[in-house]
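I need the structure of the sequence given here:
(2 chains)
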Protein chains: 2
Amino acid sequence: MPITMNEWKHVFKLDPAKEISDEHLEMICESGTDAVIVGGTDNVTMDGVLDLLVRIRRYSIPCILEISAMEAITPGFDYYFIPMVMNSTEKKWMMDIQHRAIKQYKEWMNWDQILMEGYCILNEDAKAFTHTNSYMPDDEDVTAYAYMAERVFHLPVFYMEYSGKYGDPKLVEQVKRQLNNTLLFYGGGIENDSQAREMNEHADVIVVGNSIYTGIEEAIKTVHAVKDY
Amino acid sequence: MPITMNEWKHVFKLDPAKEISDEHLEMICESGTDAVIVGGTDNVTMDGVLDLLVRIRRYSIPCILEISAMEAITPGFDYYFIPMVMNSTEKKWMMDIQHRAIKQYKEWMNWDQILMEGYCILNEDAKAFTHTNSYMPDDEDVTAYAYMAERVFHLPVFYMEYSGKYGDPKLVEQVKRQLNNTLLFYGGGIENDSQAREMNEHADVIVVGNSIYTGIEEAIKTVHAVKDY
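Next comes the predicted model:
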């Protein structure tokens, strides 16, 4: 794990399938956020990924590719996050795709740059939920997944993904109690600074994504809401 | 991981569904082997497990339960091994059963005693292979599983299970090359000391099971074949 990641509190997630102006991108990269993740579910193409990479690289912010499509991986990022969907009903999304990629590319993989994320997708209406054939876990399922992420798999990150929907802070709090070493990422529906602060009370890192595209001014404010808190 | 496990070379595996005389059990426990594992696939009952536990406890040998059935778990062992079948086609055998167990029992789990094993079942005729809906991986699949066991999941043990059939020493050698921290266990078809030595050249620990029941004298000789080597 990059040493500084233990100190992260806030990241923005940019979707390579969505347009963003240079002006808004500058606001993101100079907001004081800890890192920018490039990642999405639909229509993730190499062109979209490269376009964002080149434009983000004008700034000094750490830049991460969250891998969702094998055909849209490129060198040049600081880190690569590889999701494993723990609440998928299929082994495919938990480890088989990852296994195939490792079988093919392991000679080129640099594990100083790669971090596995134990994902739990908690919004039944999300594209990623359907796409990965996930099931809706109850609260105890979720805390047991977090426990496994740390105790069984020793993953650096456990990611509660509400994907556009604001989640349950009580569950985030319960999950955090399972974790000592694995970092807790929370993503979903954070549109203003009070939501940012509420989720940051328990999650180590909050991820702000959609609101970049729907309300940039408020999105930017979430940075200071948690960094100065 | 128990500190001494790094020094293990040989273990016997006793099947709680099979009969063993006191005389043979004494030969096993006083053979100089590093540990005795209690584990099987079929008809594993609490009675069978408890019977072996009590009888093995007369000796000073470390005693491990390899968990295959939730209804046959008891306190009293030194360690508990939990298999995760990496080449199963179903998530169930890789992590869902384990998730259900953790959900129910995590308050009582002592991780100083629990070790996860990344299993790869390599004998299509084995009961465990069919039972877990495994597929037959090619050599590169197997090395990639070993690589994942160490790099992705940080498992203490990767277990090549040929289950009664003598395996491929070249593949064991290739797999060993993937591993720096994860211990390599080899099990299957070891019936004499030259086989024991051959597999022990690459595997960290060899597991001798079936031949206890088919040729105890030869089975006992496998201990010194690798311990004095």
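
Run through the residues of chain A sitting next to chain B.
A:86, A:88-91, A:94-95, A:98-99, A:102-103, A:106, A:111, A:116, A:140-141, A:144-145, A:147-148, A:151-154 (Cβ under 8 Å from any Cβ of the partner chain). C-beta here means a position set from N, CA and C on the backbone, and glycine is covered the same way.

if you look at these, which of them are in helices?
Secondary structure from DSSP state H places A:91, A:98-99, A:102-103, A:140-141, A:144-145, A:147-148, A:151 of those in helices.

Let's have the residues you listed in JSON lines, adding neighbour count and pLDDT.
JSON lines is the format used below for those (neighbours: other Cβ atoms under 10 Å in any protein chain shown; pLDDT from 0 to 100):
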{"residue": "A:Lys91", "neighbour count": "21", "pLDDT": "97"}
{"residue": "A:Gln98", "neighbour count": "19", "pLDDT": "94"}
{"residue": "A:His99", "neighbour count": "21", "pLDDT": "95"}
{"residue": "A:Ile102", "neighbour count": "20", "pLDDT": "94"}
{"residue": "A:Lys103", "neighbour count": "18", "pLDDT": "94"}
{"residue": "A:Glu140", "neighbour count": "13", "pLDDT": "97"}
{"residue": "A:Asp141", "neighbour count": "17", "pLDDT": "98"}
{"residue": "A:Ala144", "neighbour count": "23", "pLDDT": "98"}
{"residue": "A:Tyr145", "neighbour count": "25", "pLDDT": "98"}
{"residue": "A:Tyr147", "neighbour count": "21", "pLDDT": "98"}
{"residue": "A:Met148", "neighbour count": "23", "pLDDT": "97"}
{"residue": "A:Arg151", "neighbour count": "19", "pLDDT": "96"}
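
now for those residues, which pair is the farthest apart?
Greatest spatial distance among those (Cβ to Cβ): A:Lys103 and A:Glu140, at 34.6 Å.

mind listing the helices for chain A?
Going by DSSP H, chain A shows helices at A:22-29, A:46-56, A:91, A:97-105, A:127-131, A:139-151, A:169-178, A:193-200, A:210-214, A:216-227.

quick check: angle from the second one to helix A:22-29?
Yep, that's helix A:46-56 we're talking about. Interaxial angle of helix A:46-56 relative to helix A:22-29 (axes from the mean of the first three to the mean of the last three Cα atoms, to 10 degrees): 70 degrees.

Going by neighbour count, which residues of helix A:46-56 are buried?
Burial within helix A:46-56, assessed by neighbour count using 16 or more other Cβ atoms under 10 Å in any protein chain shown, is assigned to A:48-49, A:52-53, A:56.

and if you look at the first one?
Of the residues in helix A:22-29, A:24-25, A:27-29 count as buried by neighbour count, 16+ other Cβ under 10 Å.

Good, we can wrap up now.
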